[in-house]
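# could you work out the structure for the sequence below:
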Amino acid sequence: MSVPFETAAYEPRESPESPEEQLARLLGRALNSFELPDETIRLLDCALAYDGSLHSAHHSAGLHRETYRHTWLLADGSALTLWELVHNPTPVSESQHEVYVDEEELRAATARLPLPPEAPDFELPVLVPLSSVPEVRHAYVPDDSADHARRVLRRAENPDRPGAQVAARVATAVAHRITQAFGRPCRAGRAGLCFSLYEHAFLLGDGAEVSLWEVEHTATPEGRHMCEVYASEDAARDAMERRAAQVS
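Sure thing, here's the model as predicted:
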């Protein structure tokens, strides 16, 4: 059975490796790394931050296939993604690693892999049986969620943070969950530039779902830790790009 993953960490979040070292490890294990454009490598050599995640996986009859998404935040504030395909040609062979610049190349490479006859031609959501699809997008934890929302908004330093209307809505939260969408945790005392993006998803009393997107970074003139909060992921990622461009 094939299952897609969107938030599972491929590299440990506490890994001390730099973005350059992450790139070197990926290229070192990929059999086709020589096919990557020189311009892509040049851009990645100046990356400011790295994030990796397991995108999808298929395991059946001794064969396995996983795809990983590797994303680097570049010096100009943009992001560049490489896709890694890991598979074994036969049940007794070792894993092979391949890397691709875009999803079209990844899909073409995946299509040529052998799949067992019982493999389905569709993907099922992770841990969600077809007979009982949940009504909400996330699994939530009830844990002083309204107070958590208040604290997230209180530590936001950006002037365009969500206003009173959003604050009033999340004040009715009955449960929440936190997902890291980019980067590693920004730890106090760590040298160098740091970017992290978190989704704080809230389940409200009326059954609605609202997310706050928190950017943590050290892209400040004095290098201090700063938190910004936005009402959408696009706005948060735009803010990351602006901050990265200011220090490049």
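# and residue 242, helix, strand or coil?
What DSSP: H, G, I helix; E, B strand; the rest coil gives for residue 242 is helix.
# identify the residues contacting it.
Going by CB atoms under 8 Å, 6 or more residues apart in numbering, residue 242 touches residue 77. C-betas here are computed from N, CA, C, even on glycine.
# with residue 169 instead?
Residue 169 neighbours (CB under 8 Å, 6+ apart): 204, 208, 210.
# where in the chain is pLDDT low?
In the predicted model of the chain, residues 1-16, 115-139, 184-192, 247-248 satisfy pLDDT under 70.
# and the residue nearest to the spatial centre of it, how far from residue 102?
Nearest residue to the geometric centre of the chain (CA atoms, centre = their mean): residue 181, 4.0 Å. Distance, residue 181 to residue 102, using CB to CB, to the nearest Å: 21 Å.
# do the same with residue 110
13 Å.
# so the two - more neighbours on which side?
Ranked by neighbour count (other CB atoms under 10 Å), residue 110 and residue 102 place residue 110 first, with 19 against 10.
# could you pull out the strands for the protein?
Under the criterion DSSP state E, strands of the chain are mapped to 2-4, 49-60, 63-73, 79-87, 96-100, 173-183, 195-204, 209-217, 226-230.
# now the angle from the third one to strand 49-60?
Following axes from the mean of the first three to the mean of the last three CA atoms, to 10 degrees, one obtains 170 degrees for the angle between strand 63-73 and strand 49-60.
# what residues go with each domain of the protein?
2-132, 145-247 (automatic domain parsing).
# out of the ones you listed, which one sits most buried?
domain 145-247 (a mean of 17; mean count of other CB atoms under 10 Å).
# name whatever forms a beta bridge with residue 98.
residue 85 (DSSP bridges).
# contacts only, for it.
Applying CB under 8 Å, 6+ apart, the residues near residue 98 are 30-32, 84-86, 109.
# which among those residues gets closest to residue 170?
residue 84 (36.8 Å; CB to CB).
# now that closest one. Nearest residue, chain neighbours left out?
residue 68 (4.2 Å; CB to CB, 6 or more residues apart in numbering).
# ok, that neighbour to residue 99 distance?
In terms of CB to CB, residue 68 sits 9 Å off from residue 99.
# then residue 18?
19 Å.
# any idea how far residue 208 is from residue 143?
Residue 143 is 19 Å from residue 208, by CB to CB.
# equivalent analysis for residue 197, please.
Using CB to CB, one gets 23 Å for the distance from residue 197 to residue 208.
# repeat for residue 181
21 Å.
# hey, C-alpha coordinates of stretch 213-221 in PDB?
The C-alpha coordinates for stretch 213-221 follow below in PDB (Å, rounded to 0.1, in the frame of the first residue of the first chain):
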ATOM      1  CA  TRP A 213       1.500  30.600  10.900                       C
ATOM      2  CA  GLU A 214       4.500  31.500  13.000                       C
ATOM      3  CA  VAL A 215       7.900  32.400  11.600                       C
ATOM      4  CA  GLU A 216      10.900  32.200  13.900                       C
ATOM      5  CA  HIS A 217      14.200  33.600  12.700                       C
ATOM      6  CA  THR A 218      17.400  35.400  13.600                       C
ATOM      7  CA  ALA A 219      17.400  37.600  10.500                       C
ATOM      8  CA  THR A 220      17.600  40.800  12.600                       C
ATOM      9  CA  PRO A 221      20.300  43.400  12.600                       C
END
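# centre of the chain to that stretch, how far?
Averaged C-alpha coordinates place stretch 213-221 at 17 Å from its chain's average position (CA atoms, centre = their mean, to the nearest Å).
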